[in-house]
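**Q** generate coordinates for the sequence data below:
(2 chains)
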Amino acid sequence: MHPIIEGIIQAINLILTGDREVFSIAALSLYVSVVGTLLACTWSIPAAIALALRNFHGKRILKGLFNAFIGIPTVALGLYLYLLLSRAGPLGYFQLLYTPNAIIIGQSALVTPIIVSFATGALESVDPDLRTLARTLGASDRQTYNVVIKEAFWGLVLAILAAFNRAFAELGVAMMLGGNIRGLTRVLTTAISLETARGDIALSIALSFILLGMVMSLSIAINLARKTSQ
Amino acid sequence: MSPHVETRDISREYDSVLALDRVSIGAHLGQVTTIVGVNGSGKTTLLKILAGLDSPTAGNVLIEGHEANPTQLRTHATMVFQRSVMFGTSVYNNVAYGLKIEGVPGREISQRVKSALTVVNLDGFERRHARKLSSGEQQRVAMARALALEREVLLIDEPTANLDPANAMIIERAIRDSSQSRAVLLSTHNLPQARRLSQHVIHLYKGRVVEESEPSRFFTSPSDERTKLFIEGELQF
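**A** Sure thing, here's the model as predicted:
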């Protein structure tokens, strides 16, 4: 049997039998990516609201910077954060390097420009007359923002989804800040990279199925929810 | 009797272009005051200032003789725009929006929404999605949304500009009915409509009031040459 076919069969077997290692790696991946994305949302969404709905000096430059940082190589970001978090670095005291928290910090930094740029675009695409309308109906500034946020809801969800997918599927940050330590910081992407190098194709394929399956099913679920709500 | 809402020598400048030049007008409760003028004459700017959506660069706006800032104006006035904008939700939620912001109790909201929709012949439309209505129906929802708020000053900007005669007639009837208890300021360049609805007509030209009087005099014997030309459809702008 061809090694790839054999790998696929073994992969399906690993998933169906609930292999402990496969699922613990998947669970850690999910955990760091969800927390990293949500953490990034806490500052990225307010930043997007400010960029889309307020006027201030330097706004265009800031928007350009966030757009430019969408394409930052994960290895470069991983390196800079490594220098910050390493024992000799300014944040070395906290001993975060090679922990899941280091991956969370890295992924939240990685997805910040994605959330800010996409969410800003979604908010800016809302008809500006809606804000004017809300004001004529007695809405305060905050209430007019709520109108815009509500209108842009699915655009914001898609921005967060894109960020989550980026965090979930990235390798550089997880490798450099997590160190791919078995049982502690090994996530799907680092495990696939390692197992492929070691020749364990079956495990790599099983992990990749989970990675792809989760990304695709989440995207499909959100798109279905969006269509149903409309 | 002093006007319910008035402007005193207001001017509005945008990037050194004077949109309004020392405009002083007034509108009384129980009356429709119509502002006519060619495109770019300052009608919408004037209404936006009265709605508290814009601020004059000079002059004052007064409500019942007291100076009012934009925030205060927004609690006294509401505006219906030429292009009806709908929140992406049901007709009910659109009409109820301002009432919810005001903290009106739920039962009263239902009653006011229902009666406002009745005025514009949209009974039974509560659950329909507002954005899926025709443009005429949307404009009627916009009218109902403003009426439900029961503000003393109702500002209406070209409400029937893009409507068929049937929808325009419903809007006109709603304006006439609503003016019983409100000061209505209507902006239009539909002169027959201005004649039908108004108790007072103001002609704005290049940001200045050039003529104002009751409709019979305004349309039959205007004193300003530009108003004469405007009525005859020959005013250059």
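**Q** which residue, other than its chain neighbours, is closest to residue 89?
**A** The chain I'm using is chain A. Distances taken as CB to CB, 6 or more residues apart in numbering or on different chains put A:Leu83 closest to A:Gly89, at 5.3 Å, once the chain neighbours are dropped. (C-beta placed from N, C-alpha, C; glycine too.)
**Q** that's the other chain; I wanted chain B
**A** Nearest one to B:Thr89, counting by CB to CB, 6+ apart, is B:Ala130 at 6.6 Å.
**Q** quick one on the thing from earlier: now name the helix or strand holding the residue nearest to A:Gly89.
**A** helix A:74-85 (DSSP states H and E).
**Q** restricting to C-alpha, output that helix in CSV.
**A** Only the C-alpha atoms of helix A:74-85 are listed here, as CSV (Å, rounded to 0.1, in the frame of the first residue of the first chain):
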residue,chain,number,x,y,z
THR,A,74,5.5,34.8,11.8
VAL,A,75,9.1,33.8,12.2
ALA,A,76,10.2,37.4,12.4
LEU,A,77,7.5,38.2,15.0
GLY,A,78,8.4,35.1,16.8
LEU,A,79,12.0,36.2,16.9
TYR,A,80,11.2,39.7,18.3
LEU,A,81,8.9,38.3,20.9
TYR,A,82,11.5,35.7,21.8
LEU,A,83,14.1,38.5,22.4
LEU,A,84,11.5,40.2,24.7
LEU,A,85,10.5,37.1,26.6
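**Q** mind pulling up the pLDDT for residue 218?
**A** If you meant another chain, say so; for now it's chain A. Looking at A:Leu218, its pLDDT reads 93.
**Q** my question was about chain B
**A** At B:Phe218, pLDDT is 95.
**Q** neighbours of the residue nearest to B:Thr89, how many?
**A** 23 (other CB atoms under 10 Å in any protein chain shown).
**Q** touching, it and B:Tyr92? I think so.
**A** No - shown here, B:Ala130 and B:Tyr92 do not form a contact pair, counting by CB atoms under 8 Å, at 9.1 Å.
**Q** which single residue of chain B ends up nearest chain A?
**A** B:Gly98 (3.4 Å; CB to the nearest CB).
**Q** now do the contacts for that residue.
**A** A:137-139, B:78, B:145, B:148-149 (CB atoms under 8 Å, 6 or more residues apart in numbering or on different chains).
**Q** again, only using 10 Å
**A** A:133-134, A:136-139, B:78, B:104, B:109, B:112, B:145-146, B:148-151 (CB atoms under 10 Å, 6 or more residues apart in numbering or on different chains).
**Q** what does it show for phi and psi?
**A** phi -70, psi -30 (degrees, to the nearest 10).
**Q** look up the closest residue to it, ignoring the ones flanking it.
**A** In space, B:Gly98 is closest to A:Leu137, 3.4 Å off (CB to CB, 6+ apart).
**Q** how many neighbouring residues does the one you found have?
**A** A:Leu137 has 27 nearby residues by other CB under 10 Å.
**Q** tell me how far it lies from B:Glu102.
**A** To B:Glu102, A:Leu137 is 9 Å away according to CB to CB, to the nearest Å.
**Q** swap in B:Ile49?
**A** 22 Å.
**Q** which one of those two has more residues nearby?
**A** B:Ile49 (24 against 13).
**Q** how about the helix or strand where the more buried one lies and chain A, touching?
**A** If you go by DSSP H and E, B:Ile49 is part of helix B:43-50. Yes - on the criterion CB under 10 Å from any CB of the partner chain, helix B:43-50 is in touch with chain A at B:Lys48.
**Q** buried sites along the helix or strand A:Glu21 falls within?
**A** Per DSSP H and E: A:Glu21 is located in helix A:20-53. Buried residues in helix A:20-53, defined by neighbour count with 16 or more other CB atoms under 10 Å in any protein chain shown: A:22, A:25-26, A:28-30, A:32-33, A:35-37, A:39-41, A:44-45, A:47-53.
**Q** does that helix come close to chain B?
**A** No - Helix A:20-53 stays out of contact with chain B when judged by CB under 10 Å from any CB, the minimum separation being 16.0 Å.
**Q** for the residue of chain A most remote from its centre, list the residues it contacts.
**A** In chain A, counting by CA atoms, centre = their mean, A:Thr136 sits farthest out from the average C-alpha position, at 38.5 Å. Contacts for A:Thr136 (CB under 10 Å, 6+ apart) come out as B:48, B:51-53, B:74, B:77-81, B:98, B:145-146, B:149, B:151, B:155.
**Q** reduced to three states, what does B:Ile202 come out as?
**A** Secondary structure state of B:Ile202, per DSSP: H, G, I helix; E, B strand; the rest coil, is strand.
**Q** for B:Leu149, phi and psi?
**A** Dihedral angles (degrees, to the nearest 10) for B:Leu149: phi -70, psi -20.
**Q** was I right about it contacting B:Ala142?
**A** No - the pair formed by B:Leu149 and B:Ala142 falls short of the contact definition of CB atoms under 10 Å, at 11.8 Å.
**Q** residue numbers of chain A in contact with chain B?
**A** A:126-140, A:143, A:147, A:150-151, A:153, A:230.
**Q** if we go to 7 Å?
**A** Residues of chain A lying near chain B by CB under 7 Å from any CB of the partner chain: A:127, A:129-130, A:132-133, A:135-139, A:143, A:147, A:151.
**Q** what is the neighbour count of residue 205?
**A** Reading this off chain A. A:Ile205: 23 neighbours (other CB under 10 Å).
**Q** can you look at chain B instead?
**A** Here the number of neighbours of B:Tyr205 (other CB under 10 Å) works out to 21.
**Q** got the contact list for it?
**A** Shown in contact with B:Tyr205 (CB atoms under 7 Å, 6 or more residues apart in numbering or on different chains): B:37, B:41, B:226.
**Q** mind checking which of the residues you listed are in helices?
**A** Taking DSSP state H, the ones among those that sit in helices are B:Arg226.
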